[in-house]
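Novice: got a predicted model here, sequence first, then my questions.
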Amino acid sequence: RASLMGRTATEVKMQERGQWSNKLEFILSVMGSIIGLGNMWRFPYLCYKNGGGAFLIPYLIFLFTCGVPVFFLETALGQYTSQGGITCWRMICPLFEGLGYGTQVIVALLNSYYIVVLAWGIFYLSFSFTWELPWSTCNNTWNTGKSTNNNVIFSNMNDSINHIVTQNSTSPVIEFWERRALRLSPGIDHMGSLNWDLAICLAIAWVLCYFCIWKGVKSTGKVVYFTATFPYLMLIVLLIRGVTLPGADLGIKFYLYPDLSRLADPQVWMDAGTQIFFSYAICLGSLTALGSYNKYNNNCYKDCLALCFLNSGTSFVAGFAIFSILGFMAYEQDVPISEVAESGPGLAFIAYPRAVAMMPFSPLWACFFFIMIILLGLDSQFVCVESLTTAVVDMYPEVFRRKHCRELFLAVVSFVSFLMGLVMLMEGGMYVFQLMDYYAASGMCLLFMAIFETVSIAWVYGADRFYDNIEDMIGYRPGPYIKYCWMFITPATCIATFAFSLIKYTPLKYNNVYVYPWWGYVIGWLLALASMVCIPFWIIYKLSTTEGMFREVNLHSFAHITFPVDKTTVLRSAKVNTCNRGGIRHTRLETH
C-alpha cells in the first residue's frame with residue numbers, strides 16, 4: 001500500500017488506462033478483430049483457386065512459420081508494456097519506433113476505406129426488407145433493358161469485383177450493383193457526384209463504430225459479446241441451408257478437391273502467405289493495443305494458440321457455407337462452378353445475392369447474409385479505430401486521459417475518416433476503393449513490417465530477453481520453436497515472399513479490364529510507401545539526432561537508442577496492473 005501511495009500522478013493515470021474485466025472480453029475482442037470479411041470472401045476462393053485441399057499445405061506452413069509467431073509477438077509485446085502500437089516500440093527499442101508509426105499509417109488508411117464495405121452491406125440490407133428482391137428483376141428504373149436472369153458469365157481474379165458480361169446482355173444483379181448501388185462512372189478521371197444513399201449508410205456505420213468503442217475497453221468489452229458471436233450463428237444458419245440445397249455437393253467438391261500440381265506454382269505460395277497476414281490482423285498494431293489491456297500475468301501464449309486455430313478453422317468452415325451456395329447457383333444455371341466462383345466484394349454483392357434470389361424465402365436469407373457481413377466488418381473496423389486511438393492516447397496521456405478528451409479525439413478520428421470515405425462513395429469512388437485496397441494495406445506493406453518486427457525483437461532487443469519477459473508474465477518459457485521463428489524462419493520467409501511479390505507485381509486493373517491512368521498508379525505506390533518509409537526515416541532521424549553518434553563510434557549512444565528506454569519506466573508501465581495484487585514483481589530486463 002505504501003508503494004501505491006507513493007506513485008506519481010503519471011503512474012496513476014496509467015492505472016486509469018483501463019483493462020479488460022475478464023479474459024473472455026479479450027478473447028472476443030481479438031476474435032472480432034481477426035475473424036472478418038476475409039474469412040468469408042477470400043480464403044474459400046483462394047482455396048478453390050489454388051488446388052483445393054492442396055492449398056492447405058502452403059497455408060499451414062505460413063501459419064506456423066509466420067502467422068502464429070508474429071501474432072504471439074505482438075500480443076505479448078502489448079501485454080508486457082501495457083502500451084499501444086507506437087509507444088511499445090519506444091520503450092522496447094527506440095531505434096525502431098518507426099514501426100509503430102508505419103503500422104498506424106496503414107491503420108489510418110484502412111479505417112477510411114474498410115468501413116465502406118459496411119456502408120454497402122447496410123445499403124443492401126435496407127433493400128432486403130421486401131417480398132421481391134430488387135436485384136432479382138429487370139423492370140426497375142436503373143435497368144437498361146438488356147438484362148436477363150440467365151445469360152451471365154462470371155470470371156474472377158484476385159479480390160476485385162470481377163465479371164464480364166456477354167456482348168448483348170447483362171444481369172439484374174450486376175445492374176443493381178453498378179447502376180443503383182455504385183452508380184459507376186467510366187473511370188477514376190470521372191469522379192462524378194456523391195451517392196447520398198451510400199453516404200447516409202456510411203454515416204450510420206461510423207455512428208455504430210463510434211459508440212462501440214467510445215468508452216474504451218469498458219464499452220468494447222461488452223459490445224463484442226454480440227458482434228463477435230452473432231456472425232457464428234448466421235454462419236451456422238447459412239451453412240445448414242447451403243448444404244441442403246441441390247448442387248451443394250458440386251460446390252464442396254470443387255472447394256476441397258486436391259490438385260497437388262498447383263503447388264508447383266509460386267503464386268499459390270504467395271497467396272497463402274498474404275492470406276495469413278490479411279486474416280490474422282498482424283502488423284496493424286491492433287493486437288498490441290488489445291493485448292495492452294490484459295492483466296500482466298494473463299497467459300497470452302495459450303490465448304494466441306487458441307485464437308489462431310479458431311481463426312483458421314472459421315475460414316475453413318466458411319468455405320463450406322459459401323461453396324455449397326455457389327454449387328447450388330451453378331446447378332440452377334447449368335454452368336460450371338468456375339463461372340460463378342467469386343471472391344471479395346464480387347462474392348458479397350454479386351454472386352451471393354444472385355444465389356439468394358434463386359432460393360425460396362429469398363429476402364430472409366438476404367437479411368441473414370448481410371447482417372453477417374455487417375457484423376463481421378463492424379468489429380474488425382472498430383478494433384482498428386481503437387488501435388489508432390490507443391496509440392495516440394498513449395503517446396500523449398497527459399492530454400487525452402482527461403475527462404471526455406479521449407471521446408472527443410475519437411470523434412475527430414471518426415469524422416475525418418468519414419470525410420475520407422466519402423470520396424469512395426462518388427460515381428468514380430469504386431476505382432479509388434480498389435486503389436486503396438490494392439496498395440495501401442497490401443500484403444507487401446504487411447510483409448515489410450513483419451520483417452522489421454521480428455528483426456528488432458529477435459536481434460536488437462534480444463529473443464532471449466523477450467523470452468525472459470514472457471516467462472515473468474506467464475510463469476514459464478514457451479518452447480524454443482517460436483524463438484527460432486523470430487530469429488530465422490519468419491524474417492527469411494517474409495523476405496522471400498516480399499521479394500517475390502515485387503518480382504511478380506502486376507498493375508491493378510479494375511474488373512481485369514479497366515487500366516488506370518499513370519497518375520493513378522503513382523497515387524497507389526505513394527499509399528504503399530507512406531507506411532514503409534516510416535521505418536528507415538525514423539532510423540535515420542534517430543541516428544542523426546543522437547548526441548555523439550556520428551562523431552565517433554559511441555557504443556553508449558547506440559545502446560541508448562536500441563535498449564529499452566529505462567528499466568524502471570518499462571517496469572512501471574508494464575506492471576501497473578499488478579499493483580492491486582500485492583505489489584510489483586521484479587523482471588529480467590538486464591541490458592547485457
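Specialist: Yes, it's here.
Novice: which residue sits closest to Ile86, ignoring its sequence neighbours?
Specialist: Among residues not flanking Ile86 along the chain, Gly100 sits closest, at 3.3 Å (C-beta to C-beta, 6 or more residues apart in numbering). Where you see a C-beta, it was placed from the backbone N, CA and C, and this is true even at glycine.
Novice: following element in sequence after the helix or strand the one you found falls within, please.
Specialist: Element membership for Gly100 (DSSP states H and E) is helix 98-126. Later in the chain than helix 98-126, the nearest helix or strand by DSSP H and E is helix 172-175.
Novice: need the next SSE after that following helix, C-terminal direction.
Specialist: helix 196-213.
Novice: quick one, helices of the stretch 351-500 of the chain?
Specialist: 352-357, 362-395, 397-400, 405-422, 429-435, 443-455, 463-474, 480-484, 490-503 (DSSP state H, counting those that start in this stretch).
Novice: then the third one to CSV, C-alphas only?
Specialist: By that I understand helix 397-400. Below are the C-alpha coordinates for helix 397-400, written out as CSV (Å, rounded to 0.1, in the frame of the first residue of the first chain):
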residue,chain,number,x,y,z
PRO,A,397,-1.6,10.6,-21.9
GLU,A,398,-1.4,13.9,-20.1
VAL,A,399,-3.6,15.4,-22.9
PHE,A,400,-6.1,12.6,-23.8
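Novice: give me the helices and strands touching it, please.
Specialist: helix 9-15, helix 405-422 (3 or more C-beta pairs under 8 Å, 6 or more residues apart in numbering; DSSP states H and E).
Novice: out of the ones you listed, nearest to Tyr521?
Specialist: Of all the helices and strands packed on helix 397-400, helix 405-422 sits nearest to Tyr521, with 20.1 Å by C-beta to C-beta.
Novice: can you tell me the element Ile282 falls in?
Specialist: Here Ile282 is assigned to no helix or strand, by DSSP H and E.
Novice: now do the contacts for it.
Specialist: Residues near Ile282 by C-beta atoms under 8 Å, 6 or more residues apart in numbering: 67, 70-71, 74, 446, 450.
Novice: burial count for Glu427?
Specialist: By the criterion of other C-beta atoms under 10 Å, Glu427 has 17 neighbours.
Novice: same check on Asn143?
Specialist: 17.
Novice: per-residue pLDDT, the nearest residue to it once chain neighbours are set aside?
Specialist: In space, and not counting its chain neighbours, Asn143 is closest to Glu175: 5.4 Å by C-beta to C-beta, 6+ apart. Looking at Glu175, its pLDDT reads 90.
Novice: quick revisit: quick one, which of the helices and strands packed on helix 397-400 is packed in tightest?
Specialist: Of the helices and strands packed on helix 397-400, the one with the most neighbours on average (mean count of other C-beta atoms under 10 Å) is helix 405-422, at a mean of 17.
Novice: if we can go back for a sec, dump the helices of the stretch 351-500 of the chain to TSV, plus distance to Ala199 and mean pLDDT.
Specialist: Formatted as TSV, the helices of the stretch 351-500 of the chain follow (distance: least, C-beta to C-beta, whole Å; pLDDT from 0 to 100):
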stretch	distance to Ala199	mean pLDDT
helix 352-357	22	86
helix 362-395	17	94
helix 397-400	29	90
helix 405-422	6	96
helix 429-435	10	95
helix 443-455	28	95
helix 463-474	46	96
helix 480-484	46	97
helix 490-503	35	93
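Novice: one step back: need the helices and strands packed on helix 397-400 in TSV (columns: distance to Ala264).
Specialist: Converted to TSV, the helices and strands packed on helix 397-400 look like this (distance: least, C-beta to C-beta, whole Å):
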stretch	distance to Ala264
helix 9-15	54
helix 405-422	41
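Novice: to Ser442, which of those helices lies closest?
Specialist: From the helices and strands packed on helix 397-400, taking C-beta to C-beta, the stretch that ends up closest is helix 405-422, at 18.1 Å.
Novice: neighbours of Phe316, how many?
Specialist: Phe316 has 17 nearby residues by other C-beta under 10 Å.
Novice: now Phe500
Specialist: For Phe500, the count of nearby residues is 16 (other C-beta under 10 Å).
Novice: quick one, what contacts the spatially closest residue to Pro336 that is not a sequence neighbour?
Specialist: Nearest non-adjacent residue to Pro336, counting by C-beta to C-beta, 6+ apart: Ala330, 6.5 Å away. Residues near Ala330 by C-beta under 8 Å, 6+ apart: 247, 250-251, 336-337, 339-340.
Novice: quick one: Ala330 from Phe316, how far?
Specialist: Using C-beta to C-beta, to the nearest Å, Ala330 is found at 21 Å from Phe316.
Novice: before we move on, what about Thr490?
Specialist: From Thr490 over to Phe316 (counting by C-beta to C-beta), the distance is 23 Å.
Novice: likewise for Pro231?
Specialist: Applying C-beta to C-beta to Pro231 and Phe316 gives a distance of 15 Å.
Novice: go on, Ser185?
Specialist: For Ser185 relative to Phe316 (C-beta to C-beta), the value is 39 Å.
Novice: repeat that for Tyr331.
Specialist: 23 Å.
Novice: ok, now Asp437?
Specialist: Distance from Asp437 to Phe316, by C-beta to C-beta: 24 Å.
Novice: and Gly100, by the same measure?
Specialist: Taken as C-beta to C-beta, the span from Gly100 to Phe316 is 33 Å.
Novice: circling back to that earlier point, dump the contacts of Ala330 to CSV, plus neighbour count, pLDDT and distance to Ala108.
Specialist: As requested, those are exported to CSV (neighbours: other C-beta atoms under 10 Å; pLDDT from 0 to 100; distance: C-beta to C-beta, whole Å):
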residue, neighbour count, pLDDT, distance to Ala108
Gly247, 19, 92, 44
Leu250, 19, 89, 43
Gly251, 30, 89, 38
Pro336, 11, 85, 42
Ile337, 19, 81, 39
Glu339, 16, 79, 39
Val340, 27, 77, 36
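Novice: how about those, which pair is most distant?
Specialist: Applying C-beta to C-beta across the contacts of Ala330, the maximum distance is between Gly247 and Glu339, 13.3 Å.
Novice: so which of the helices of the stretch 351-500 of the chain comes closest to Asn39?
Specialist: Relative to Asn39, the nearest member of the helices of the stretch 351-500 of the chain by C-beta to C-beta is helix 362-395, separated by 7.5 Å.
Novice: can you pull the contacts of the residue nearest to Lys23 when sequence neighbours are not counted?
Specialist: Distances taken as C-beta to C-beta, 6+ apart place Asn298 nearest to Lys23, at 6.6 Å, with adjacent residues excluded. Applying C-beta under 8 Å, 6+ apart, we find Asn298 in contact with 23, 26, 79, 473-474.
Novice: centre of the chain to stretch 472-479, how far?
Specialist: 28 Å (C-alpha atoms, centre = their mean, to the nearest Å).
Novice: ugh, wrong one, I meant stretch 335-347
Specialist: 23 Å.
Novice: what's the span of it from first residue to last?
Specialist: Separation of the first and last residues of stretch 335-347 by C-alpha to C-alpha, to the nearest Å is 17 Å.
Novice: please apply the same query to stretch 18-25.
Specialist: Start-to-end, stretch 18-25 (C-alpha to C-alpha) is 13 Å.
Novice: thank you kindly, that will do.
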